[in-house]
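A.B. asks: Show me how the following folds:
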Amino acid sequence: MGIQRVSSKWAKTAVLQRSRIVNEYIPVTRKYSRQTLERMTELFESNYIKPDRGTYGNGVMRVKTTRLYEPIVNSEDSTTDAEVSEETNDRNLADEPEASAVTSRATYLTTTYQLQYGTEERSFHSLDELERALNDRIQERDYIIQQGISLMKHGDLPFDLRVLTQKNLQHNWETTGILGRVAAPGKIITNIHGGGRLATFEELVLPHLHQDGFKKLRTELYRLGVHTAVQLQTSFPRLKEIGIDIALDEAGRPWILEVNTLPGIYAFGLLPDKETYRKIKRYAIAYGRLPSKKSKSSRPSPKAQASSTKKRVRR
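C.D. replies: Below is the predicted model:
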């Protein structure tokens, strides 16, 4: 039986939400619809809208909602500076609460939705306009909408983490590595295919946390990787590896953005810790993700294959 892969983000999220431990790390996530768009933009300043099936951050959009109270300008109520000054001087303390109430009534709420896709940004002043723009991109495909997390930054650029958890040689789940990804300038995703760059966990997180806080977070993420894998395996029993995309908010709290069941492993080989990469490859060979060295060496080289073919032709 092959290694199980699960492409639907919503299917994986629904399973994880059933775990009391793991659910605490999941931002509010719903299937996308007009109703959930309206509700989520009311609840959260930032929301991400993602294809239910997709890789490399393709198709991800962000909506930022801004609400402002604007003053109502009424020509009948306009007064000269002298009149305003005279009224102000005559006002006593007892009148102030009433005056404040009048001021608060003389405003109206404006809502602006800022939609970003890649580096392109557009603004809309109604939910109907926003929905039409989203539907132009979504078309008939399934999408999810997820509460936006204000990411910790490296310099001025947001970053997230990838936590890799694999089946080890004893067939138990083990978290084997953590790496960081820094978004390209102007981008809303950190994915390397979208222009992001690799970094070590230490490089990105240590400047924000003292040594004890860093160690505590690392331990928490290693445990979370195992809890997440165990929970997913209750519904997807042939999983062998997962990559968890983790956001750290500005307070250092980790959040699970999504889980990939075909995680990239070669990126770990580009980091300084080669021992971790050797372990990752060793486990991947054991459960069949990578070919073993023995099977590689048993294959004839292209030169040998060509020589063998010539011999058969001569006969």
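A.B. asks: Could you tell me the per-residue confidence at Lys294?
C.D. replies: pLDDT, Lys294: 69.
A.B. asks: Read off the pLDDT value for the nearest residue to His125 once chain neighbours are set aside.
C.D. replies: In space, and not counting its chain neighbours, His125 is closest to Thr112: 6.0 Å by Cβ to Cβ, 6 or more residues apart in numbering. C-betas here are computed from N, CA, C, even on glycine. Model confidence at Thr112, given as pLDDT, is 96.
A.B. asks: beta partners of Thr112?
C.D. replies: Under the criterion DSSP bridges, Thr112 forms beta bridges with Thr66.
A.B. asks: How about the contacts made by it?
C.D. replies: Under the criterion of Cβ atoms under 8 Å, 6 or more residues apart in numbering, the neighbours of Thr112 are 65-68, 123-125.
A.B. asks: Just the closest of the residues you listed to Gln139, please.
C.D. replies: When the contacts of Thr112 are compared for distance to Gln139 (Cβ to Cβ), Phe124 wins out at 18.6 Å.
A.B. asks: Buried only: go through the contacts of Thr112 for me.
C.D. replies: Taking 16 or more other Cβ atoms under 10 Å as the criterion, what is buried in those is 65, 124.
A.B. asks: ok, which pair from the contacts of Thr112 is furthest apart?
C.D. replies: Spatial extent of those (Cβ to Cβ) is set by the pair Leu68 and Phe124 at 14.7 Å.
A.B. asks: all helices for the stretch 151-300 of the chain, in order.
C.D. replies: 201-205, 211-233, 274-286, 293-298 (DSSP state H, counting those that start in this stretch).
A.B. asks: Please report the distance of Ala199 from Ala183.
C.D. replies: Going from Ala199 to Ala183 by Cβ to Cβ, to the nearest Å gives 11 Å.
A.B. asks: So for the two, which sits in the more crowded spot?
C.D. replies: More crowded of Ala199 and Ala183, by other Cβ atoms under 10 Å: Ala183, with 22 against 18.
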